[in-house]
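**Q** sequence and predicted structure are below.
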Amino acid sequence: MGRRLRQGVVFALLFAGLVAPAAADPVLMLLLGIARDMIIDHANAPKGPAEPEQPMPDLARVYPGTSVEPEILRRLIDDCFLYLSSQQRQEIFDRLNAALLDPKNAAIRGTMIEYFTEKALAVRAAQLKLAQMPYSEKQRMAAEFKTEIAGMPAEDQVQVRKLLRSGLMPVPSDLNQLLLAAVDGG
């Protein structure tokens, strides 16, 4: 029964293909002709190698559930946190790497990578913008900073002074020196 039905459908389609063209719209006939030519060209096209797809990452080298390799994050840290020493950048990488490999974080691993990447790139963009700032603008910023710091409690001023002395503030070194001089009362 199924074979008979298939034969009937094929016959009806073939018959409609022979009878309908005579009464069909010329534009429709043009479009059907183009479609037929495309099908024939595709069928006759050489069956060469398929277009190369995106290479699959080496799953042994990526964070589970992602396509991100630790080396990519290491480069991101090195590129975005230039103001830190290599030991400090290594410490950031080690802590981030440990958190990403922790099985408890499996469900949020991708989100953690995305969040860290956004923040690292924002720090780098801010550094570049501050580095391009004219020196006079940096001096004005340091004067405003001095006013703001004066209104802070003494223990907070000490913390800010420690951060500036250690070079942990994500600012260019010349601005860091101006801010440090402002905090020290210079």
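**A** The structure has been received and is ready for your questions. Model, not experiment: these values are computed from the prediction.
**Q** buried sites along stretch 96-107?
**A** Within stretch 96-107, the residues that count as buried by 16 or more other C-beta atoms under 10 Å are 96, 100. To be clear about C-beta, it is placed using only N, CA and C from the backbone, and glycine gets the same treatment.
**Q** now the terminal residues of that stretch, how far apart.
**A** Taking C-alpha to C-alpha, to the nearest Å, the first and last residues of stretch 96-107 lie 15 Å apart.
**Q** how distant is it from the center of its chain?
**A** From the chain centre to the centre of stretch 96-107 is a distance of 19 Å (C-alpha atoms, centre = their mean, to the nearest Å).
**Q** ok, residues contacting that stretch?
**A** 63, 64, 65, 70, 73, 77, 109, 112, 113, 116 (C-beta atoms under 8 Å, 6 or more residues apart in numbering).
**Q** tell me which of those residues fall in helices.
**A** Judged by DSSP state H, helices contain the following of the contacts of stretch 96-107: 70, 73, 77, 109, 112, 113, 116.
**Q** and the residue lying closest to the first one once chain neighbours are set aside, which helix or strand is it part of?
**A** Same thing as residue 70. Nearest non-adjacent residue to residue 70, counting by C-beta to C-beta, 6 or more residues apart in numbering: residue 97, 5.8 Å away. Using DSSP states H and E, residue 97 falls within helix 86-101.
**Q** filter the ones in helices among the contacts of stretch 96-107 down to the buried ones and hand me the PyMOL line.
**A** Selection of buried members from those for PyMOL, criterion 16+ other C-beta under 10 Å:
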select buried, resi 73+77+109+112+113+116
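**Q** farthest pair in the ones in helices among the contacts of stretch 96-107?
**A** Greatest spacing in the ones in helices among the contacts of stretch 96-107, by C-beta to C-beta: 77 and 109 (17.0 Å).
**Q** so where is this structure shaky, pLDDT-wise?
**A** By pLDDT under 70, the low-scoring segments of the chain are 1-33, 35, 48-60, 186.
**Q** can you tell me how far residue 183 is from residue 161?
**A** Distance from residue 183 to residue 161, counting by C-beta to C-beta, to the nearest Å: 5 Å.
**Q** also residue 73?
**A** For residue 73, the distance to residue 161 equals 31 Å [C-beta to C-beta].
**Q** what does residue 185 give?
**A** The spacing between residue 185 and residue 161, counted by C-beta to C-beta, is 11 Å.
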